[in-house]
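Engineer: here is a sequence together with a model predicted from it:
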Amino acid sequence: MRRWLAAAAAWLALAAPAAARPLVVLLADADGVEVTDLLAPYAILAESGAVDVRVVSPDRRPVRLMPGVAWVKPQLTLAELPRTPDVVIVPAMMKPKDPARAAWLRAQAKAGARIMSICEGAETVADAGLFDGRQATAHWYHIADHRKAYPKTTWRQDVRWITDGPVTSTAGVTASAPASLELLRELAGEAVMRETAVRLGLPEPDPRHPGTDFRLNGRGVGVAAGNMARLWDREDVAVTLKPGFDELGFAAQLDGWSVTYRSQAWAQPQAGAVSRRGLTILGSQTPPRRFDRTVEAPETGAIEGMIGQVRAAYGEATARFVALQLEHPYGAVSAW
């Protein structure tokens, strides 16, 4: 009898369906989301193979990727989600406040989903009341405003990300990668996180962050004003899309070249391409007649590679100003 019971138990274990992988959704909106906030978590989690990750939006309209000129096709609508997500990731939104979105986020949190803001996605999560009574962080430029607007939240600048109960938040744009790796560690384990980081050429996540070393000082203002004044040599930069392009590299190029205050980055060609991990990115149907510069997405070291290209094109001050806006260590004020 014991042998029969053991055999039956073994058969049932084999016959049972495999446990569903964690479902992580990246919330998008046609009006626009920050490109690295959206694509970095997507690339990292999809690369792992251990997580089901989807870009979702209220409808099927292409989503503008800010601050460049490109769009991404949502993979699902909110109504098409098969179940309550395990994690909802909220990037910075062009329109951060929306009552329907806030209600949806509260409903997901009530159903047990972890809510994770990336950079200024923090305003959207805070507006939904999900940071009330908790600690959070956000992009350095907006922390002071958030302290006034959302006084029930303790806003911190000494961490790249922080988890307080059922919510997680990150600092500025480049915190998206280490925070996503940390999330992957929680969802799939240490080994999967490490292997994914190695394949993508990313360092292991470290939450330490000298947030007060990121601020707009006179030198930064001078770089921005000087670059804006160079009306005679503003550039349109084409970011080439090839089938199977890397999302991390593309996001870095679209982001960085669009915040130099001297250039605007455009995804090209107009028809777009499908990324390495299955996202359809589209270019503009009304691009410039000609481009002044063409760049391709680096395979590894995406942010650092982009910073190096900007430095070679426009000088060290502009490269550091770009890094400052992305909250990358190269842009910390003490490094200038």
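Structural biologist: Structure received.

Engineer: hey, let's count contacts and neighbours off CA atoms from now on
Structural biologist: OK.

Engineer: how close does the residue lying closest to residue 136 once chain neighbours are set aside get to residue 43?
Structural biologist: Once flanking residues are discounted, residue 136 sits nearest to residue 155: 5.1 Å by Cα to Cα, 6 or more residues apart in numbering. Per Cα to Cα, to the nearest Å, residue 155 is found 28 Å from residue 43.

Engineer: neighbour count for those two, which is higher?
Structural biologist: Neighbour totals were compared for residue 155 and residue 43, and residue 43 leads with 23 against 18 (other Cα atoms under 10 Å).

Engineer: for residue 333, what are its contacts?
Structural biologist: Neighbouring residues of residue 333 by Cα atoms under 8 Å, 6 or more residues apart in numbering: 213, 214, 215, 217, 324.

Engineer: adding neighbour count, write these out as JSON lines.
Structural biologist: Listed next are the contacts of residue 333 as JSON lines, based on neighbours: other Cα atoms under 10 Å:
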{"residue": "213", "neighbour count": "18"}
{"residue": "214", "neighbour count": "24"}
{"residue": "215", "neighbour count": "16"}
{"residue": "217", "neighbour count": "9"}
{"residue": "324", "neighbour count": "24"}
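
Engineer: and of the residues you listed, the nearest to residue 65?
Structural biologist: Of all those, residue 324 has the smallest distance to residue 65: 19.9 Å, by Cα to Cα.

Engineer: the closest one touches residue 331, doesn't it?
Structural biologist: Yes. Between residue 324 and residue 331 there is a contact under Cα atoms under 8 Å: 3.9 Å.

Engineer: between those two, which contacts overlap?
Structural biologist: In contact with both residue 324 and residue 331: residue 214, using Cα under 8 Å, 6+ apart.

Engineer: any idea of the pLDDT on the residue minimising distance to the centre of the chain?
Structural biologist: Residue closest to the average C-alpha location in the chain (Cα atoms, centre = their mean): residue 37, at 1.7 Å. As predicted, residue 37 sits at a pLDDT of 98.

Engineer: please name the nearest non-neighbouring residue to it.
Structural biologist: residue 91 is the one closest to residue 37 (Cα to Cα, 6+ apart), at 5.0 Å.

Engineer: please tell me how far the one you found sits from residue 192.
Structural biologist: Relative to residue 192, and taking Cα to Cα, residue 91 is found at 24 Å.

Engineer: confidence-wise, which of the contacts of residue 333 comes last?
Structural biologist: Ranking the contacts of residue 333 by pLDDT, residue 217 lands last with 93.

Engineer: quick check on residue 69: phi, psi?
Structural biologist: When read as degrees, to the nearest 10, the backbone of residue 69 gives phi -120, psi 100.

Engineer: domains for this protein, by residue range?
Structural biologist: Following automatic domain parsing, the chain resolves into domains at 23-210, 218-335.

Engineer: can you give me the first-to-last residue distance of the first one?
Structural biologist: Across domain 23-210, the straight-line distance between its terminal residues is 32 Å, by Cα to Cα.

Engineer: distance from the chain centre to it, please.
Structural biologist: Centroid displacement of domain 23-210 relative to its chain, using Cα atoms, centre = their mean, to the nearest Å, is 7 Å.

Engineer: what of the shortest one?
Structural biologist: Between the centre of domain 218-335 and the centre of its host chain there is 15 Å, according to Cα atoms, centre = their mean.

Engineer: all strands of the stretch 201-336 of the chain, in order?
Structural biologist: Under the criterion DSSP state E, counting those that start in this stretch, strands of the stretch 201-336 of the chain are mapped to 235-240, 263-268, 273-274, 280-282, 293-296.

Engineer: would you single out the least confident of the ones you listed?
Structural biologist: Among those, strand 293-296 scores lowest, at a mean of 93.

Engineer: in its sheet, what does it sit against?
Structural biologist: strand 235-240 (parallel) (DSSP bridges).

Engineer: residues in contact with the partner strand?
Structural biologist: Under Cα under 8 Å, 6+ apart, the answer for strand 235-240 is 250, 253-254, 257, 262-269, 288, 290-297.
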